[in-house]
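Student: 3D model of this:
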Amino acid sequence: MNWTLFEEKLHERMEKEHILGAAVAVSQNGKIIYQNGFGVKNLDTKEQVSPNTIFGTASVTKSFTALGIMKLEEEGKLSVDDPVIAYLPEFYFPSVDSMESIKIHHLLTHTAGLAPIRRREELNRFQEHLTYLAEYPYPILGKPGEYLSYCNDTFLLLGAIIERITGRLFRRFITEEVLYPLQMYRSTFSLEELHKFEDVSTPYVYHPEGDRFEKQSWPILGNYEAGGGIRSNVLDLLKYGELYIGQGILDHKPFISKKQLEKMRQPTYPINRSSYYGYALEVTPNYHGFTLVEHSGGQPGVSSNFGFIPEQNLVVAVLTNVSDVPAKDIWLEAVNYAIGIPLEEKRNTELSVDLSEEQLKKFVGTYQSEEGDCLQIFIEDYTVKATINSKEFSMRASGEATLVITEKEKPIQFYFDSNGETWAAFMGLRVLLKK
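Tutor: This is a model prediction of the structure:
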C-alpha cells in the first residue's frame, strides 16, 4: 500500500497545527504495514522522529490499568461490580449517602459522579489521595452511573486497588504483568529509565502569541501515573494492540480471555450521537460497518491516540510531542487510509437545528472545571460563539441541549435544571459546572 496521500495530508496538518514531531504505525493481522516518523523530536538538535522515538502516551495509559483490573477479575481476586470500599474502606466522598453504591465499574467508566477536581501531582502515595478525596468539599453530579465525567482523581483509585490486592506497587504490577510479557521494552513509567533511553522526544507547548514553542519538563505525575504515566513508542503500542485483536492470546498461550477484553469495549455511556465510553476505551460501533476502539491522551508536550478495529485486525498508534494537537484526527486518517475509505470521513456528524434567540440565550454563561478548562458561551451579531481556554470558536445548534464547535464538528451537551436553566456543560468528556 502506498501511503503518499496520507503523508502529504499529515505534512500539511503539521504545518497548520504547529506539530513539531509525530510518529505513526499501523499493523494488520499481526504484521506492521506502515511505520514512519515525521518532523523533529528536539527543536534545538533538529533530530528526526523515528518509529522508535519515545513520547508520552498520557491517558492511553488508562486502558493498561483497566486491563490489569480485568486480569485480576479473571483470577477471581475482584469483581468490577464490587463496591470500591470493599478494597479501599477509607474511600469517602463527603456528599455521598452510601459509598457502597460506587463500584469498580464506575471508576473504569468515569461515572462515579465526580466532576474534575484540582490536580495534586505532589501526592505520591494512593493513601494520600484517599485522604484528599475524603476532605475535599466538591459537589456530586448525581448518582453513580448517572453522569459520565472524566475524572483522573477517581480513576487513579484503580491503581490503589491493584496495590491492595497484589501487594505490589502499581507501576511494578503493570510493568511486570503487562509491559514485559508483551515485550514492550521501550515503555516505562520511570523518568529515571526514560533519561537512560536513546531516541526520546522532547515535549513542547506551542504559544500562538509570539509563534513560539516552549520546552517542557516531563511531568512527575505522582498518583496520576495510574491514568497517564506510560512513556512509549508507536511500535510498542502495536504490540499492545495486537493483544486485543488476537483475542487475548500471547505467544500461542492465553494471556487473558476474549470475554474480559470484550467487556472493556462494551459501549457503556454515550459520548455523542455515535460514540460511547467503555472501560478506559472509547467505542464507535457503526463506523462504515466497522468498530473503532480507541483512547486519546494529552499532557503538557503530549498528544496521543491509540486504538484498533477488531473486524479488520487493524491496530493504529499516533504519538506527538506537542500539547493540544489533533492526534485523534491523524489516527482516524490512518485508519481510513488503511481500510480504503476517504481520508476526510469523521466519526460523528452532528445535525444543524434552528433555535430561537430565546432558546440560544439559555446556553450563555461561563462553565469551568477545577482542572482548569473554561468554556464561555456568548452571542455576538446574532451568532452563538464560544471561548474555550482563551480560543474563540463559532457555534451552531444541533439540538435543544447541544451546541457544536463548527470548525471542529465537536458537540457540547448542556444540562438543564427543573427551571430550564443550564447548570453544566459536557465538553471533552468532562462536566464543567456553570459559574
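
Student: beta partners of residue 231?
Tutor: Residue 231 has these beta-bridge partners by DSSP bridges: residue 56, residue 188.

Student: Look up which helix or strand the closest residue to residue 387 other than its chain neighbours falls in, please.
Tutor: Nearest residue to residue 387, sequence neighbours excluded (C-beta to C-beta, 6 or more residues apart in numbering): residue 376, at 4.3 Å. In this view, the C-beta of every residue, glycine as well, is placed from N, C-alpha and C. Per DSSP states H and E, residue 376 falls inside strand 374-380.

Student: Pull the residues that contact that strand.
Tutor: Residues from elsewhere that reach strand 374-380 (C-beta atoms under 8 Å, 6 or more residues apart in numbering): 357, 360-361, 363-368, 384-389, 395, 403, 412, 425, 427, 432.

Student: Pull up the pairing partners for it, direction included.
Tutor: The strands that strand 374-380 pairs with in its sheet are strand 365-368 (antiparallel), strand 383-388 (antiparallel) (by DSSP bridges).

Student: tell me how far that strand is from the chain's mean position?
Tutor: Distance, stretch centre to chain centre, for strand 374-380: 25 Å (C-alpha atoms, centre = their mean, to the nearest Å).

Student: Show me which residues of that strand are buried.
Tutor: Neighbour-count burial for strand 374-380, counted by 16 or more other C-beta atoms under 10 Å, picks out 375, 376, 377.

Student: Same question for stretch 220-240.
Tutor: Applying 16+ other C-beta under 10 Å to stretch 220-240 flags 221-240 as buried.

Student: go on, stretch 284-291?
Tutor: 284, 287, 290, 291.

Student: Give me the distance between the two termini of it.
Tutor: 6 Å (C-alpha to C-alpha, to the nearest Å).

Student: circling back to that earlier point, can you lay out the strands paired with strand 374-380 as a markdown table showing distance to residue 170, mean pLDDT and mean neighbour count?
Tutor: What follows is the strands paired with strand 374-380, written out as a markdown table (distance: least, C-beta to C-beta, whole Å; pLDDT from 0 to 100; neighbours: other C-beta atoms under 10 Å):
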| stretch | distance to residue 170 | mean pLDDT | mean neighbour count |
| --- | --- | --- | --- |
| strand 365-368 | 30 | 97 | 19 |
| strand 383-388 | 33 | 95 | 17 |
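
Student: Among these, which comes closest to residue 298?
Tutor: Closest approach to residue 298 among the strands paired with strand 374-380 (C-beta to C-beta): strand 383-388, 13.9 Å.

Student: Check which element follows that closest one along the chain.
Tutor: Next in sequence after strand 383-388, counting helices and strands by DSSP H and E, comes strand 391-399.

Student: still on that earlier bit, out of the strands paired with strand 374-380, flag the one nearest residue 339.
Tutor: Residue 339 sits nearest to strand 383-388 of all the strands paired with strand 374-380, at 31.6 Å, using C-beta to C-beta.

Student: can you give me the angle the closest one makes with strand 391-399?
Tutor: With axes from the mean of the first three to the mean of the last three C-alpha atoms, to 10 degrees as the basis, strand 383-388 and strand 391-399 are set at 130 degrees to each other.

Student: residues in contact with strand 383-388?
Tutor: 360, 363, 373-379, 392-397, 403, 405, 412, 427.

Student: swap the cut-off to 6 Å and go again
Tutor: Residues outside strand 383-388 that contact it (C-beta atoms under 6 Å, 6 or more residues apart in numbering): 360, 375, 376, 377, 378, 393, 394, 395.
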